[in-house]
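> below: sequence and its predicted model.
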Amino acid sequence: MRSSRWTYVALSVAVALATVLITLLLVNISERKQEGRQAYLELARLTEDTIDPLEWAKNFPREYDGYKRTVDTQRTKYGGSEAFSRLDQDPRLRRIFAGYAFALDYREDRGHAYSLKDQDETERTKQRPQPGSCLHCHAAIIPAYRKLGGGDVMKGFELLCAMPFAEARKLVAHPVTCLDCHDPKTMAIRVTRPGFLNGIKAYKKSQGVENYDPNTMATRQEMRSFVCGQCHVEYYFAGDHKLVTYPWSKGLKVELIEAYYDETNFSDWKHAETGAAVLKAQHPEFELWNQGIHARSGVACADCHMPYLRQGAIKISDHHVRSPLLNTERACLTCHPFPAEEMKARAEVIQDRNAALLNRAEDALVALIDEVKAARAAGAAEQKLDPALKLQRRAQFRVDFINAENSTGFHAPQEAARILAEAIDYARQGQLAAMRGR
């Protein structure tokens with residue numbers, strides 16, 4: 001009887017304990033569900049004039065913590081966030097950019113938190129007069145546009161682009177911040193940059209779509225790339241007013257952008273060693289990504305560079321924007337069922353191959369420059385050197401299109417290899433043309 005009694009007591013205690021544990025679990029689940037429904041707690045009232053990210057941090061501390069970490073200097077094999085000189089790392093670039101501001105100072109790109117500081121410190125703005133256009137993507141600029149334009153962002157954009165850099169710089173205080181990509185009322189992601197709005201409208205028109213507005217016509221997944229494509233693009237400063245312009249009216253491929261520049265008779269500068277009218281690519285990540293398998297598969301920039309992150313029951317986009325190779329578990333393995341090291345190794349094989357092609361392309365371009373100089377020293381007539389100079393323009397733009405693009409070919413491996421193959425071919429053709437011009 002005593003044994004039965006103790007068995008009953010033990011069973012009762014076990015049932016009671018299990019009941020308590022299940023109850024606590026159900027309460028926890030209920031609390032987490034409620035937490036998951038609450039997107040954020042509004043402690044600060046955000047408006048179109050709330051530029052300081054510290055104010056946004058009051059409502060979005062998790063996202064702000066990620067944004068702050070964009071100052072990290074952790075490197076991948078081919079990229080990072082240290083401000084070392086690319087000219088010292090690759091002395092050929094001094095000759096490739098001879099006569100242009102990039103021959104004075106060309107540093108490694110750094111995270112968003114440095115976007116304004118780096119613009120202030122580069123010798124390109126210190127030694128060469130630059131327009132206010134530069135701030136289009138280096139600062140939280142939209143309130144300044146709105147103020148200058150009397151409420152009209154597009155008008156203010158045009159006015160600020162035409163200002164000297166030093167004068168325009170007084171109108172901004174922060175690098176790229178939350179307001180640049182989010183509506184302060186709804187928190188929806190949005191496109192704010194006038195250059196992109198004009199550029200994507202021109203591109204869509206070339207595809208048969210009239211009056212395209214990404215903020216009303218794009219899908220959410222498209223917007224998760226457009227907010228990045230606002231600034232990670234090729235552009236130039238058009239006309240006397242130096243209006244930031246994306247050359248997309250013919251398309252996004254390198255030869256279509258080149259055709260646009262040829263048609264408008266635009267060149268960035270005259271090469272100091274050869275006199276060729278050449279082009280400087282900026283950072284055409286959006287254009288190259290558009291030619292790759294991820295874009296065709298509907299994968300957005302944010303899927304890889306800002307993958308979703310769970311903190312408790314809350315799911316957010318990781319605002320520590322960085323290379324997916326520094327975060328392969330969340331950035332890659334969501335779609336690819338392979339070990340993280342395998343995914344990293346695959347990416348680096350692609351990058352190794354493109355880096356080798358880029359190295360050959362730069363060698364070929366420098367050899368073309370040398371041959372033009374030798375031909376001119378030998379007394380070649382300028383008219384006979386014209387074919388070589390035109391080929392230099394073509395080779396230069398393709399070399400720089402991949403060199404300035406920050407994925408080392410990964411965004412579209414076959415397209416990047418095609419562009420570099422054309423660069424090598426044009427450079428070698430230019431060498432032969434210069435030889436014939438002697």
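Done, it's in.
> contacts and neighbour counts: CA atoms only from here.
Noted.
> after the strand or helix carrying residue 351, next one along is what?
Following DSSP states H and E, the helix or strand that holds residue 351 is helix 340-377. Where DSSP H and E defines the elements, the next helix or strand beyond helix 340-377 is helix 382-404.
> same for that following helix, what does it pack against?
helix 254-263, strand 277-278, helix 340-377, helix 413-436 (3 or more Cα pairs under 8 Å, 6 or more residues apart in numbering; DSSP states H and E).
> what sits closest to residue 162 if chain neighbours are left out?
Among residues not flanking residue 162 along the chain, residue 241 sits closest, at 4.5 Å (Cα to Cα, 6 or more residues apart in numbering).
> er, residue 226 I mean
Nearest to residue 226 is residue 191, by Cα to Cα, 6+ apart, at 6.8 Å.
> residue 181 is in contact with the one you found, correct?
Yes. In this structure residue 191 lies within contact range of residue 181 using Cα atoms under 8 Å: 6.3 Å.
> what do the two both touch?
residue 227 (Cα atoms under 8 Å, 6 or more residues apart in numbering).
> let me know the average pLDDT across stretch 401-417.
The average pLDDT for stretch 401-417 rounds to 97.
> kindly check the end-to-end length of it for me.
11 Å (Cα to Cα, to the nearest Å).
> what's it in contact with?
Counting by Cα under 8 Å, 6+ apart, 78-79, 254, 281-285, 288-294, 347, 350-351, 354-355, 357-358, 419-420 sit against stretch 401-417.
> just the pLDDT for the residue nearest to residue 162.
For residue 241, the model assigns a pLDDT of 95.
> can you pull the contacts of it?
Residue 241 makes contact with 158, 161-162, according to Cα under 8 Å, 6+ apart.
> in JSON lines, list these along with pLDDT, secondary structure and neighbour count.
Formatted as JSON lines, the contacts of residue 241 follow (pLDDT from 0 to 100; DSSP: H, G, I helix; E, B strand; the rest coil; neighbours: other Cα atoms under 10 Å):
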{"residue": "158", "pLDDT": "97", "secondary structure": "helix", "neighbour count": "20"}
{"residue": "161", "pLDDT": "97", "secondary structure": "helix", "neighbour count": "25"}
{"residue": "162", "pLDDT": "96", "secondary structure": "coil", "neighbour count": "20"}
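> out of those residues, which is nearest to residue 199?
residue 158 (14.6 Å; Cα to Cα).
> give the contact list for residue 107.
Counted by Cα under 8 Å, 6+ apart, residue 107 has contacts 83-87.
> got it, and residue 59?
Per Cα under 8 Å, 6+ apart, neighbours of residue 59: 40-44.
> TSV for these, including secondary structure and pLDDT?
TSV is the format used below for the contacts of residue 59 (DSSP: H, G, I helix; E, B strand; the rest coil; pLDDT from 0 to 100):
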residue	secondary structure	pLDDT
40	coil	64
41	coil	75
42	coil	82
43	coil	86
44	coil	89
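> could you dump the residues you listed to a markdown table with neighbour count?
As requested, the contacts of residue 59 are exported to a markdown table (neighbours: other Cα atoms under 10 Å):
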| residue | neighbour count |
| --- | --- |
| 40 | 14 |
| 41 | 10 |
| 42 | 11 |
| 43 | 12 |
| 44 | 13 |
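> now residue 277: how far from residue 92?
Relative to residue 92, residue 277 is positioned 19 Å away (Cα to Cα).
> low pLDDT regions in the stretch 101-250 of the chain?
Nowhere does the stretch 101-250 of the chain drop to pLDDT under 70.
> tally of neighbours for residue 263?
Residue 263 has 9 neighbours, counted by other Cα atoms under 10 Å.
> just the pLDDT at it, thanks.
97.
> and it, how far from residue 247?
For residue 263, the distance to residue 247 equals 11 Å [Cα to Cα].
> same check on residue 306?
As judged by Cα to Cα, residue 306 and residue 247 stand 27 Å apart.
> now residue 119
For residue 119, the distance to residue 247 equals 23 Å [Cα to Cα].
> comparing the two, which residue is more hemmed in?
Using other Cα under 10 Å as the criterion, residue 119 and residue 247 rank with residue 247 on top: 25 against 18.
> surely the more buried one and residue 255 touch.
No. Between residue 247 and residue 255 there is no contact under Cα under 8 Å: 11.3 Å.
> just to revisit the earlier point, deepest-packed of the helices and strands packed on helix 382-404, please.
Across those, averaging neighbours per residue (mean count of other Cα atoms under 10 Å) puts helix 413-436 on top, at a mean of 22.
> what's near enough to touch residue 390?
276-277.
> and stretch 341-356, how far out from the chain middle?
When distances are taken as Cα atoms, centre = their mean, to the nearest Å, stretch 341-356 is centred 20 Å away from the chain's centroid.
> what sits up against it?
Residues contacting stretch 341-356 (Cα under 8 Å, 6+ apart): 77-78, 325, 328, 332, 407-410, 413, 416-417.
> again with stretch 46-54
55-56, 64, 140, 143, 174, 177-179, 183-185.
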